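Visitor: Predicted model and sequence follow; I will ask about them next.
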Amino acid sequence: MNHGVAYMPAVDPMRLARELESLAGLVQDSAETTRACLNLLDFYADRTRRPTLATTADLEPKFGVPAPVMRQLSHRVAQAAHDLPDAGDLLADALWESGYRETRLTAAAIFEARVDDGVPSWVEEHAISCSDAVVLNALGGQSLRSWRAAEPDVFLTRVWSWMDSSRAHLPTVALIALSAAISRPEFTLEPELFQGLERRLDQLAAHPRGALRDLVSHLALRSPAETAQMLKDQMVHGAKQREVFAVVRSALPDFPPRHRKVLEAALSADGPA
């Protein structure tokens, strides 16, 4: 791959369309498709980024291609693989093993429109080997989207098992997946959902705070009274972990004033020393 020149080529829509059609025609050959994908990503790579400017979030191997290229690439590959699930599985594994953020995002997109039992199994298997927050978000959100809608009860059972797992990254993916589900109005918020979350809030607080914060915010927008009551009960009767209180504080703006006051009172009275 040629990384010697610092530039990012302009995106020619017609050229990109031809490249994607050529790539899609190779979908039954996972090795050839992966090579074509890597070549395309290398061509559109951002070579202007200097390593000294990288943040912690930028340390995962990636090409830095423009977002429109990534959207079209992942969409076209997923579209081509949709009617060939066996080939799609092989291709997803090959793209994942390439190890780049963009190839893993493309692999995750292959499962977005699928509703078979292989979807959560693939997500689970690959989440444990991934430390890239961007890819984990795709696994918990995009990859599970259609399966979650088709199997809401099975989805929730799987989410609870991931939350209770000691395997790396699965609780985080569970939080992302549940947050994505709650953001959809068709996903029903049953009392059992709040009960299950309350029982697990202390253990979930040990995982990256942003995922739990997003989940609480989505719940607050959908059902502020029940969410505030759940959080208040946890702050009063739970282990009083600083992380739980920090999540509640950061989510306060998402609650209506009446429920916000209830939570503020609990924070003031019951906060950890």
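Guide: Sure thing, it's come through.
Visitor: mind listing the helices for the stretch 101-250 of the chain?
Guide: Using DSSP state H, counting those that start in this stretch, the helices of the stretch 101-250 of the chain run over 101-109, 118-127, 133-140, 145-150, 152-163, 170-182, 191-204, 209-222, 224-237, 242-251.
Visitor: Point out where this protein drops to low pLDDT.
Guide: For the chain, the stretches flagged by pLDDT under 70 are 1-9, 48-59, 270-273.
Visitor: what's the distance between the residue nearest the centre of it and residue 114?
Guide: Residue closest to the mean C-alpha point of the chain, counted by C-alpha atoms, centre = their mean, is residue 137 at 1.4 Å. Residue 137 sits 18 Å away from residue 114, going by C-beta to C-beta, to the nearest Å. In this view, the C-beta of every residue, glycine as well, is placed from N, C-alpha and C.
Visitor: show me the residues around residue 181 that make contact.
Guide: 148, 152, 155, 187 (C-beta atoms under 8 Å, 6 or more residues apart in numbering).
Visitor: okay, among these, which ones form the most distant pair?
Guide: 155 and 187 (9.1 Å; C-beta to C-beta).
Visitor: Hmm, the residue nearest to the centre of the chain is touching residue 176, no?
Guide: Yes: using C-beta atoms under 8 Å, residue 137 is in contact with residue 176, at 5.6 Å.
Visitor: Okay, residue 241 and residue 247: tell me how far apart.
Guide: Taking C-beta to C-beta, one finds residue 241 at 9 Å from residue 247.
Visitor: I'd guessed residue 127 sits against residue 171; true?
Guide: No: taking contacts as C-beta under 8 Å, residue 127 lies outside contact range of residue 171: 9.9 Å.
Visitor: and for stretch 222-234, what are the contacting residues?
Guide: So stretch 222-234 is contacted by 182, 185, 189, 191, 194, 197-198, 201-202, 216, 219-220, 244, 248, 255-256, 259, 262-263, 266 (C-beta under 8 Å, 6+ apart).
Visitor: Apologies, that question was intended for stretch 75-90.
Guide: Contacts for stretch 75-90 (C-beta under 8 Å, 6+ apart): 20-21, 23-25, 27-28, 30, 33, 37, 91-92, 95, 106, 109-114, 116, 118, 122.
Visitor: Of these, grab the buried ones for PyMOL.
Guide: To isolate the buried members of these in PyMOL, using 16 or more other C-beta atoms under 10 Å:
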select buried, resi 20+23+24+27+30+33+37+91+92+95+106+109+110+111+112+114+118+122
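Visitor: Mind checking which of the contacts of stretch 75-90 land in strands?
Guide: If you go by DSSP state E, the contacts of stretch 75-90 have nothing in strands.
Visitor: Same list (the helices of the stretch 101-250 of the chain) but as a markdown table, adding distance to residue 41.
Guide: Formatted as a markdown table, those follow (distance: least, C-beta to C-beta, whole Å):
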| stretch | distance to residue 41 |
| --- | --- |
| helix 101-109 | 5 |
| helix 118-127 | 19 |
| helix 133-140 | 15 |
| helix 145-150 | 24 |
| helix 152-163 | 30 |
| helix 170-182 | 24 |
| helix 191-204 | 35 |
| helix 209-222 | 27 |
| helix 224-237 | 41 |
| helix 242-251 | 35 |
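Visitor: gap between residue 152 and residue 262?
Guide: 30 Å.
Visitor: on that earlier part again, give the residues shared as contacts by residue 241 and residue 247.
Guide: residue 205.
Visitor: Neighbour count for these two, which is higher?
Guide: residue 247 (23 against 17; other C-beta atoms under 10 Å).
Visitor: dump the residue contacts of the more buried one.
Guide: Taking C-beta under 8 Å, 6+ apart as the test, what residue 247 contacts is 205, 209, 212, 213, 216.
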